[in-house]
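# Need a 3D model of the following:
(4 chains)
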There are 2 protein chains.
Amino acid sequence: MKNNYRLTIPEHWRAMSRVFTALGDEHRQRILLLFDPGERLNVGMIAEVSTLSRSTVSHHLKVLREAGILRSEKIGKEVWYWIDRNWLLIVFGNVMDHIREST
Amino acid sequence: MKNNYRLTIPEHWRAMSRVFTALGDEHRQRILLLFDPGERLNVGMIAEVSTLSRSTVSHHLKVLREAGILRSEKIGKEVWYWIDRNWLLIVFGNVMDHIREST
DNA sequence: ATCATATGTCTAAGAACGTCGATATGTAAA
DNA sequence: TTTACATATCGACGTTCTTAGACATATGAT
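Residues are numbered from 1 along each chain as shown, chains lettered A, B, ... in the order given. Modelled structure (predicted):
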């Protein structure tokens, strides 16, 4: 048994942690499942097909962005969001590596 | 843009969802990081090195077990928990496959 | 049978989270 | 400049989650 319970969790672990937390909400999962490959969507489009208000969608997008799952760019009045595929592959690749090496 | 927001989320997705939710808590992460490869730990051992009460540890172990991350076996008075490595590899393998194919 | 130990369950309090409407900010059009 | 629109933020409320102590259950020892 390791004696690491009280240690500070390493930063790359905390990055994974934010991803897990962000993905642990059903509405955020549903939002991510809306995206076609490489597609960019703005808040209004997502709010329209969802069952949530604009401000709630905006909140969930913020959580996903802060977790690194989404990236965003403002163009004119609109903010376009897209999935950071490469970053997700890195994060889950790290998770797989850890499982293979340490469990 | 897909029009799947209101659809029922498939069962294998809900399994991933439970895993994400379970891993989105720092104490549950710390508990998992205690295990040496292949090792089995009981509730008392975990509660002792943690900063939590026994009942709280028991609660977190239940969440991890219901997510499929841990398995358990009662031997005498004690319940031993271990990480279901193969299940985790399947789940995160599915996640990786989905990212590669659908993002 | 009685007692001690290990674990799970229940309950209640407090913390954290999700939600929406109102407001603020920024941008483009008239 | 005024107006309209897209998004973000704030404030308030209700819900869910986390937590610990009390209690219940199960097992083994005396």
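# Residue numbers of chain A in contact with DNA strand D?
Residues of chain A found near DNA strand D (Cβ under 7 Å from any atom of the strand) are A:42-44, A:47, A:54-55, A:58-59, A:61-62, A:72, A:77-79. Every C-beta, even on glycine, is put in place using the N, C-alpha and C of the backbone.
# ok, these vs A:Ile90, which is closest?
Nearest to A:Ile90, judged by Cβ to Cβ, of the residues of chain A next to DNA strand D is A:Ser72 at 19.1 Å.
# Direction-wise, compare the helix or strand hosting A:Ile90 with helix B:85-102 and give the angle.
Here A:Ile90, judged by DSSP states H and E, is contained in helix A:85-102. Using axes from the mean of the first three to the mean of the last three Cα atoms, to 10 degrees, the direction of helix A:85-102 lies 160 degrees away from that of helix B:85-102.
# Only whichever of the residues of chain A next to DNA strand D are buried, select them in PyMOL.
Buried residues among these (16 or more other Cβ atoms under 10 Å in any protein chain shown), as a PyMOL selection:
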select buried, chain A and resi 42+43+47+61+79
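# Just want the most central residue of chain A.
Centroid check for chain A by Cα atoms, centre = their mean gives A:Ile69 as the closest residue, at 3.1 Å.
# burial count for the nearest residue to that residue once chain neighbours are set aside?
Computed as Cβ to Cβ, 6 or more residues apart in numbering or on different chains, the closest residue to A:Ile69 that is not its neighbour in sequence is A:Ala22, at 5.9 Å. A:Ala22 has 23 neighbours, counted by other Cβ atoms under 10 Å in any protein chain shown.
# Buried residues, the host helix or strand of A:Ala22. List them.
In this structure, A:Ala22 sits in helix A:11-23 according to DSSP H and E. Residues of helix A:11-23 classed as buried: A:Ala15, A:Met16, A:Ser17, A:Arg18, A:Val19, A:Phe20, A:Thr21, A:Ala22, A:Leu23 (neighbour count, 16+ other Cβ under 10 Å).
# Up against DNA strand C, what does chain A have?
Residues of chain A found near DNA strand C (Cβ under 7 Å from any atom of the strand) are A:21, A:25, A:27, A:51-53, A:55-56, A:59-60, A:63, A:74, A:76-77.
# Max pairwise distance over the residues you listed: which two?
For the residues of chain A next to DNA strand C, with distances taken as Cβ to Cβ, the pair at the greatest spread is A:Thr21 and A:Gly76 (31.8 Å).
# So A:Val63 is in contact with A:Ile31, correct?
No - look at A:Val63 against A:Ile31 with Cβ atoms under 8 Å: they stay out of range, at 10.0 Å.
# Looking at these two, which has the bigger crowd around it?
Ranked by neighbour count (other Cβ under 10 Å), A:Val63 and A:Ile31 place A:Ile31 first, with 25 against 17.
# quick one, what contacts that one?
Contacts for A:Ile31 (Cβ atoms under 8 Å, 6 or more residues apart in numbering or on different chains) come out as A:Ile46, A:Ser50, A:Val57, A:His60, A:Leu61, A:Leu64, B:Tyr5.
# That concludes my questions; thank you for your assistance.
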